[in-house]
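Novice: Just the structure for this:
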Amino acid sequence: MKMEKRRSRARGVLGAAVLSAVACMVLGCGGEKKNPNPAGAKEFTVLTMRWGDMGDRFTQNQWLKDLEARTGVTIHWQVVSNTDWNEQKSIMLAGGELPDMVFGNMTFNDSDIINNIEYFVPLDDLIDEYMPNYAKAIKTIPALGAVTVFPDGKKYALAKNLPARPAVRNQPVINTRWLERLGLEVPTTLEELTTVLRAFKEQDANGNGDPHDEIPLSFGSDYAADLLNPFGINSYRDPTNGICSIDGQFVFYETHEQYRKGIKWLHELYREGILDPEAFTQDDQMLNGKRQAAEVSRIGFDYQWSTDAVFGKWSDEYRIIAPIRGPDGKAYAFGENTGVFSIQRNEVLITRACKDPAAAAAWVDNFYESEASIQNFWGALGTVITKHDDGTYTLKDPPAGTSADAWYWDQSLRDFGPKYIEPGFNDRIRLNPATGDGLKLEVAKLAEGMVTDPYPDVIHTAEETAELATLASDLFSYTAQMRAQWVTRGGIDAQWEGYLAQLERMGLARYREIKMAALERMR
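Specialist: This is a model prediction of the structure:
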């Protein structure tokens, strides 16, 4: 009864807000839209999550200040840290005390929304009436709208697409100083890579006089699926969902013949002492200690998005190289052709606590314009971005001692929140190819034409989510156990058929059925 009263009250608020929208105004960068607030200024609370201790300096972004002056809408930002957000989020959802709006797909996820759907306003009508920029965006890029359709057919969240995104995420990285010291060429095939890794193991590759302290290859506690890229496996969105495209078909890759071949290769490396014996037991802190060892570089080969933040003072020794060609003679890359994490949902939610959803929607619509979006991804014009007379844009250098990424997060919403880059606009952005986002785009050229699109970011129903959690717990505990056993002790060929049978007994067929049903709904 309490919930029904809250729903009824919220519907009344929404209905009153829509009925009051009788005048017209122009809000900054958008087209004409109905004015949901003819009486004057508005105030809203907006909740967003940040990484670690990043804080709220982004709220001083000049574009956000100008938006407030132009629209008369004041925003009270509620900024939380990911370090303790899960606990805070549980308390917030349990009590139902929500802000007017929520920004950022890491703040509330699909499950949070679906299991508390009564807290969130369906946005379909608001988009049509008060959001011409966003309506145009989802018409121009249909995937932007499709990704936000929940199982009941409604849109409870808005999406984003980010500017200047590379098509590749993690790429092979090799210590070129070691190659030079041993007189070796950059490997291009799996056979060549294996030969190089053997040399790293057997010789004094780091040049400190000790031929036994090199670690040719390692990975963290969260099993690096990147290592199977040469075998056609690309599961970058979520390596734990087990689904990827092989030969044009979405399959549970841990039952595929290519997976078996990849595990046999890793076992060969482990048996020869090439693969770090602590790979399956170390945590990321231990691994990073090896990557950034104090005395000498110790890691020979890795998969990373960039090198500067990973290898510390040894970063200059490493270089991103082209994807390694596998047994079939082809190279495969870990990414997405539309841009890595470019299109994502749950970037904006309007809650039932908002007393004027129409005014909130009209305010958010200002973000869905290309020039607004780059200022909310890197920083404001004049502060971080320079706009030139020819209509192009360049980024200023960050302050001394500050990395480009850290500066952008300090000056903008960065990855989180509403953004839209119209087709062709990226051509007007001039990035430094030697650093930051420009470097990511530059090295991604090495993998051009090699990216296999991953299983899409689908939305599951509450019932599917609950069932998948039970199935996945058994399936992935078992696959992880067998993977570690086969890499360290071998035996995959002899145990393969029994392994497949056990997965079927654990409900693999039902798991695949649920994943494919969600995919069909999205299509």
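Novice: In a strand, Asp308, correct?
Specialist: No: counting by DSSP: H, G, I helix; E, B strand; the rest coil, one finds Asp308 to be coil, located in no strand.
Novice: just checking, it touches Ser315?
Specialist: Yes: using CB atoms under 8 Å, Asp308 is in contact with Ser315, at 4.9 Å. C-beta here means a position set from N, CA and C on the backbone, and glycine is covered the same way.
Novice: Now stretch 425-444: average pLDDT?
Specialist: Average pLDDT, stretch 425-444: 92.
Novice: go on, stretch 500-509?
Specialist: 98.
Novice: Check the separation of the first and last residues in that stretch.
Specialist: Distance between the two ends of stretch 500-509: 11 Å, counting by CA to CA, to the nearest Å.
Novice: Kindly report the same for stretch 494-513.
Specialist: 28 Å.
Novice: was I right about Thr48 contacting Met106?
Specialist: No: using CB under 8 Å, Thr48 makes no contact with Met106, being 9.0 Å away.
Novice: Tell me which of those two has more neighbours.
Specialist: Thr48 (22 against 16; other CB atoms under 10 Å).
Novice: right, and the secondary structure at that one would be what?
Specialist: Taking three-state DSSP, the label given to Thr48 is strand.
Novice: can you count the residues close to the closest residue to it other than its chain neighbours?
Specialist: Leaving out its chain neighbours, the residue that sits closest to Thr48 by CB to CB, 6 or more residues apart in numbering is Phe103, at 4.1 Å. Phe103 has 28 neighbours, counted by other CB under 10 Å.
Novice: For Phe103, grab phi and psi.
Specialist: Dihedral pair for Phe103: phi -110, psi 140, per degrees, to the nearest 10.
Novice: Tell me who's in contact with it.
Specialist: If you count contacts by CB atoms under 8 Å, 6 or more residues apart in numbering, Phe103 has them with 46-48, 347-348, 413, 416-418.
Novice: what does Val348 give?
Specialist: 101-103, 157-158, 364, 417-418.
Novice: I'd say Met92 and Val102 touch.
Specialist: No: between Met92 and Val102 there is no contact, the gap being 10.0 Å when judged by CB under 8 Å.
Novice: Those two: which is more packed in?
Specialist: Val102 (27 against 20).
Novice: how about the residue lying closest to that one once chain neighbours are set aside, secondary structure?
Specialist: Leaving aside its chain neighbours, Val102 sits nearest to Leu349 (4.2 Å; criterion: CB to CB, 6+ apart). Following three-state DSSP, Leu349 is assigned to strand.
Novice: Touching, Leu349 and Asp112? I think so.
Specialist: No: with contacts counted by CB under 8 Å, Leu349 stays clear of Asp112, the gap being 9.4 Å.
Novice: Those two: which is more packed in?
Specialist: Remark: of Leu349 and Asp112, Leu349 carries more neighbours, 27 against 19, as counted by other CB under 10 Å.
Novice: Now do that one against His267, distance only.
Specialist: 46 Å (CB to CB, to the nearest Å).
Novice: What is the nearest of the contacts of Phe103 to Glu97?
Specialist: Distances from Glu97 to the contacts of Phe103, taken as CB to CB, are shortest for Leu47 (10.9 Å).
Novice: mind listing what that closest one touches?
Specialist: Counting by CB under 8 Å, 6+ apart, Leu47 has contacts 78-80, 98-99, 101-103, 107.
Novice: Apply 10 Å and report the result again.
Specialist: Applying CB atoms under 10 Å, 6 or more residues apart in numbering to Leu47 gives the contacts 76-80, 85, 88-89, 92, 98-104, 107-108, 349, 351.
Novice: how close does it sit to Leu126?
Specialist: For Leu47, the distance to Leu126 (CB to CB) stands at 19 Å.
Novice: Do you have the helices of the stretch 51-200 of the chain handy? List them.
Specialist: Counting by DSSP state H, counting those that start in this stretch, the stretch 51-200 of the chain has helices at residues 62-71, 85-95, 110-114, 124-130, 132-140, 142-146, 176-182, 190-202.
Novice: quick one: low-confidence ranges for this protein?
Specialist: Across the chain, the ranges flagged by pLDDT under 70 are 1-41, 221-224, 236-240.
Novice: Tell me which residue lies nearest the centroid of it.
Specialist: Centrality entry for the chain: nearest residue to the mean C-alpha point is Phe341, 4.3 Å, by CA atoms, centre = their mean.
Novice: Helix, strand or coil: sort out it for me.
Specialist: Per three-state DSSP, Phe341 ends up coil.
Novice: tell me the contacts of it?
Specialist: 105, 160-162, 165, 169, 236-237, 335, 415, 457.
Novice: most neighbours, which of those residues?
Specialist: Most neighbours among those, by other CB under 10 Å: Lys160, with 31 neighbours.
Novice: what pairs with it across the strands?
Specialist: Under DSSP bridges, the beta-bridge partners of Lys160 are Gln344.
Novice: contacting residues for it?
Specialist: 103-105, 137, 144, 147, 341-348, 367-368, 373, 376-377, 413, 415-421.
Novice: PyMOL command for the buried members of these?
Specialist: In PyMOL syntax, the buried subset of these is picked out as below (16 or more other CB atoms under 10 Å):
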select buried, resi 103+104+105+137+144+147+341+342+343+344+345+346+347+348+367+368+373+376+377+413+415+416+417+418+419+420+421
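Novice: Tyr130 is in contact with Trp363, isn't it?
Specialist: Yes: with contact defined as CB atoms under 10 Å, Tyr130 and Trp363 form a contacting pair (9.2 Å).
Novice: Count the neighbours of Leu64 for me.
Specialist: Using other CB under 10 Å, Leu64 has 19 neighbouring residues.
Novice: scratch that, Ile243 is what I was asking about
Specialist: Neighbours of Ile243 (other CB under 10 Å): 21.
Novice: what's the answer for Thr71, then?
Specialist: Neighbours around Thr71, by other CB under 10 Å: 18.
Novice: what do you get for Phe334?
Specialist: Residues within reach of Phe334, counting by other CB under 10 Å, total 27.
Novice: Over to Pro423?
Specialist: 9.
Novice: quick one: it and Thr140 touch, right?
Specialist: Yes: if you go by CB under 10 Å, Pro423 and Thr140 touch, sitting 6.7 Å apart.
Novice: Give the next helix or strand downstream of the biggest helix by length in the chain.
Specialist: Looking across the chain with DSSP state H, the single longest helix is helix 462-489. Sequence-wise, the next helix or strand downstream of helix 462-489 (DSSP states H and E) is helix 492-505.
Novice: Please identify the buried residues of that next one?
Specialist: Neighbour counts over helix 492-505 (16+ other CB under 10 Å) mark 492, 496, 499, 502-503 as buried.
Novice: tell me which of those residues is nearest to Leu67?
Specialist: Proximity of the buried residues of helix 492-505 to Leu67 (CB to CB) peaks at Leu503, which lies at 52.4 Å.
Novice: Does the closest one touch Leu475 like I think?
Specialist: Yes: counting by CB under 10 Å, Leu503 touches Leu475, with 6.4 Å between them.
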